[in-house]
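[1] with the sequence up front, the predicted model follows.
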Amino acid sequence: MSFTLSSSLSLPLSLSNQNPFTITTTPTSAMKFLVKQTRNARVGSLEIILGNNPNNNIININTPNLIISTCKGLPHFISPDLLSSIPSSILQVSPLHFTAEGVSTNTVTKLGGLHQMLGFNKYCIVAVPRDSIQCIPQFKGATKFGPSFDTPSGRLLVKPKDYVEMISCMKPNIWAALADEVPAWVSHKRNKTSVDRTLKWLDDCLTLNPETGSIFGAIVGGSSLEERKRCAEEVAKRNVSGYWIGGFGLGESMDERPALLSAITDVLADEKPRMICGLGLPEEILQGIAAGIDLFDSTYIYTLTLGGFALTFPLDKNGNQHNFQPSQIESDSTKINLRATAYRNDTSPILEDCSCYTCKNHTKAYINHLLNVHEMLAQILLEIHNTHHYLMFFQVIRDAIQDGRFEKFRQTFLESRRVPFEGETISA
Amino acid sequence: MYGRMVMSIDVRLTQIPKRNTWITKSKSNNKKFWPPRMFHHKGTDTPVLCSAPDTNPMALRFEVSLLHLADITEKGVTFQSPVDGKPMLLTPEESIQIQNRIGADIIMALDDVVKTTITGPRIEEAMYRTLRWIDRSHGRPHDQNLFGIVQGGLDPVLSYAIGGLAGGEDKDSFWRVVAQCTGSLPEDKPRYVMGVGYPLDVVVCSALGADMYDCVYPTRTARFGTALVPEGVLKLKQRAMADDTRPIDPTCPCMVCKNYSRAYIHCLVTKDAMGSQLLSYHNLYYMMQFPEGNVPEWVCNAMEVAGIDISSCCSFPERAYNAKEVAGIDISSDCTLSSSCGEHDSDNVSDKYHGLNLKLERLRNIEDALRR
Ligand SMILES: [Zn+2]
Ligand SMILES: [Zn+2]
């Protein structure tokens, strides 16, 4: 697949005049990013040019947005013929899934790359080695040669050369460089090593240039403000199309995160997209967006779905969560557990006003029954609803940023969620 | 249906996802449960077929639990609850009431099932009891269709069985029983052969005048990583598949074969949920098409009874004998397809199966409609 530069610059966003904004393009020909800056939270549009004909094959991804988590390129439960019911066109794929499962790079090359192998020609594929489910980074196994991952077929050390080879045959639209991700509690020395290695591997990847897709430089640094800043500054100097922020969700506290995130985003170029891995809860998403993150690579939906949970928090325009009725047992203020016996006779959909396939066609009692008899259809229906609900959450957030109400939205969301929580604590 | 949504089942077998009432019964102590039409999916015209419990392991989705069948008495069937293991009694009347509540379009009377390999007075008992149970069953004629079940094992004297097949009997006995049943049943009512689903079986039964089938074969075999192909089966788990860039069946027009290679499916099967989903899709699609290749002797015999000339496809033309005479019955006047078959002289067997071809055409139409 070869890429060409789109000559016409369209503005998919309705840019308001009141707010300061920047419109820029990234240096790559395969990808274009338009961003409107409002303090830190920002809305943008990522244009991905697919194939040879830029006029017919451009997909637009509004940011901030969620990247759909996959297993070997397909969503965990939603089969490809049903995927169109999900309003999204950006998927995360871990190239290591295929290496670990015996599909050789030769075979992938013969098939023509990931898009052909997966039967997706209208999707933006983002290659990220780590996925939090099947490819978990193992900081103890990493060496100066490359990061290490725990996969279903054992521990895998990935050298930049091998990784670049995978990328050049898989041809993703976007790919993250290798990162030495370490948990928050490692020594300062180890943390410093991780930044040095990550920068070295980025340079290796750039030198080995697979001449395909847009490379996102990896930023690590654990819970050290100083190392985070150093890594971000160094990556920002390199010829990358965007940034991939790793090392979050690995033991740092919610409270120290905003400072770490700002330390990074403050030194990054405004015009390049920022992707983050490891932030998934609604509160975490809001934290990331407040710091100027554009894309979220998260396995939160998968985890919920596997546990029989359905997202039910209100998608109020102002972020108000007071309407949430945690009336049933085994529910908190964002989700309900459909395994609970309380739903056995509940003939209402998960959410009355949800427009997803699941809510339009099925009842809580039916999903409860499917879970009880271990039918995979339960997970299919839940993944559809949860993904749909979370994508709508991002839509509500984008609207708030667009209208300059994001800070207010975030505060309302957090405060109104806290109230029922406190109520529960007192009564308990 | 295993791992497939009704929405997508609709694309393939279209027809009728079967549900077994026993699951419902097992948790319906509370009468509020399963309100009418819970299973009826808005937005599709798919009728929902609901079968009463039968002990035939091939016909069931939850085979294992049903092996714990405790007892059949005149009162009804007592079986072990899959939820708490307690014995539960299901009577013919209750079976109908539950199916009324679910709101299936087609409901089944409770039947007394015996293994087809059993002989002697137990079969006769099962047959008469099934008949008595049908008399105790009353549907809601305005919106539900009650299907009676013909039971009776493989004894040629008693046989009226369409239920209770596919339990391990040999193919020659199998087709004779179907022929005998369809020959004795009224023309103007549909006949549903329970638990039959192998491609050839379906073709033969259709030729003999049956109309509907259900079987876990295509989905269960998919779960074990096996694809149905014209040559037989393809085991996707095999190492050789890892580098095979061809589709499962290069001649198959299904979504899976159009998009995915054997190599890709190889890395999914038996490990990831998506592997069995994709294989089920292909296998269900495959079931809707006419099988090609060598035709076994029993099929030639059955076809001859059905009045369909496939002698050019039979590998044993010289050994094919007049099965009609052997069975000692004359059903040629009752065979729905025999009259129309006379009009066709083609060697291509598939031309003669208007029913199957129509189904395939309908399937394509639905697929086209969904794509739009
Ligand atoms: Zn929904
Ligand atoms: Zn196929």
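    Sure, I can see it. Ligands and ions are numbered 1, 2, ... in the order given.
[2] sketch out the low-pLDDT regions of the stretch 51-200 of chain B for me.
    Within the stretch 51-200 of chain B, the segments meeting pLDDT under 70 span B:51-70, B:80-85, B:98-109, B:113-120, B:137-170, B:186-200.
[3] change it to 50
    Applying pLDDT under 50 to the stretch 51-200 of chain B picks out residues B:51-67, B:153-161, B:166.
[4] just checking, which helix or strand of chain A averages the lowest pLDDT?
    None of the helices or strands of chain A scores lower by mean pLDDT, DSSP states H and E than helix A:406-427, at a mean of 71.
[5] ok, A:Glu256 - how many residues close by?
    Residues lying near A:Glu256 (other C-beta atoms under 10 Å in any protein chain shown) number 12. Glycine gets a C-beta too; all of them are placed from N, C-alpha and C.
[6] you'd agree it is up against A:Arg228?
    No. The pair A:Glu256 / A:Arg228 is not scored as a contact, 10.8 Å apart, by C-beta atoms under 8 Å.
[7] next, the residue nearest to B:Gly225 when sequence neighbours are not counted: phi, psi?
    In space, and not counting its chain neighbours, B:Gly225 is closest to B:Val269: 3.8 Å by C-beta to C-beta, 6 or more residues apart in numbering or on different chains. Per-residue torsions, B:Val269: phi -60, psi 140 (degrees, to the nearest 10).
[8] and B:Val269, how many neighbours?
    Look at B:Val269: counted by other C-beta under 10 Å, it has 25 neighbours.
[9] tell me how far it lies from ligand 1.
    Look at B:Val269 and ligand 1: by C-beta to the ion, to the nearest Å, they are 30 Å apart.
[10] which residues does that residue contact?
    B:225, B:236-237, B:275-276, B:279 (C-beta atoms under 8 Å, 6 or more residues apart in numbering or on different chains).
[11] what's the helix or strand for A:Arg197?
    Using DSSP states H and E, A:Arg197 sits within helix A:188-207.
[12] thinking again about what came up before, just the contacts of B:Val269 now: which is nearest B:Tyr217?
    For these, the residue nearest B:Tyr217 by C-beta to C-beta is B:Leu279; the value is 12.3 Å.
[13] what secondary structure does the closest one sit in?
    helix (DSSP: H, G, I helix; E, B strand; the rest coil).
[14] my read: A:Lys161 touches A:Asp204, true?
    Yes. With contact defined as C-beta under 8 Å, A:Lys161 counts as touching A:Asp204 (7.4 Å).
[15] looking at those two, which is more packed in?
    The residue with more neighbours, out of A:Lys161 and A:Asp204, is A:Asp204; 17 against 12, by other C-beta under 10 Å.
[16] who's in contact with the more buried one?
    A:160-161, A:164.
[17] mind running it again at 7 Å?
    Residues counted as contacts of A:Asp204 (C-beta atoms under 7 Å, 6 or more residues apart in numbering or on different chains) are A:Pro160.
[18] show me where the stretch 201-350 of chain A has helices.
    In the stretch 201-350 of chain A, the segments counted as helices under DSSP state H, counting those that start in this stretch are A:225-237, A:257-265, A:282-290, A:300-306.
[19] am I right that B:Leu89 sits in a strand?
    Yes. Under three-state DSSP, B:Leu89 falls within a strand.
[20] identify the residue nearest it in space, chain neighbours excluded?
    Closest residue to B:Leu89 apart from its sequence neighbours, by C-beta to C-beta, 6+ apart: B:Thr78 at 4.9 Å.
[21] may I have the phi/psi pair for the one you found?
    Dihedral angles (degrees, to the nearest 10) for B:Thr78: phi -100, psi 130.
[22] what distance do you get for it to ligand 1?
    Following C-beta to the ion, the distance that separates B:Thr78 from ligand 1 is 40 Å.
[23] let me see the domain layout of chain A.
    A:35-297, A:308-322+A:332-417 (the TED database).
[24] the helix or strand harbouring B:Ala302 packs against which elements?
    Assessed by DSSP H and E, B:Ala302 sits inside helix B:297-305. Here helix B:297-305 touches helix B:171-184, helix B:199-207, helix B:323-327, going by 3 or more C-beta pairs under 7 Å, 6 or more residues apart in numbering or on different chains; DSSP states H and E.
[25] the closest residue to A:Cys356 other than its chain neighbours: neighbour count?
    Spatially, and ignoring its direct neighbours in sequence, A:Cys356 is nearest to A:His388 (3.8 Å; C-beta to C-beta, 6+ apart). Residue neighbour count, defined by other C-beta under 10 Å, stands at 23 for A:His388.
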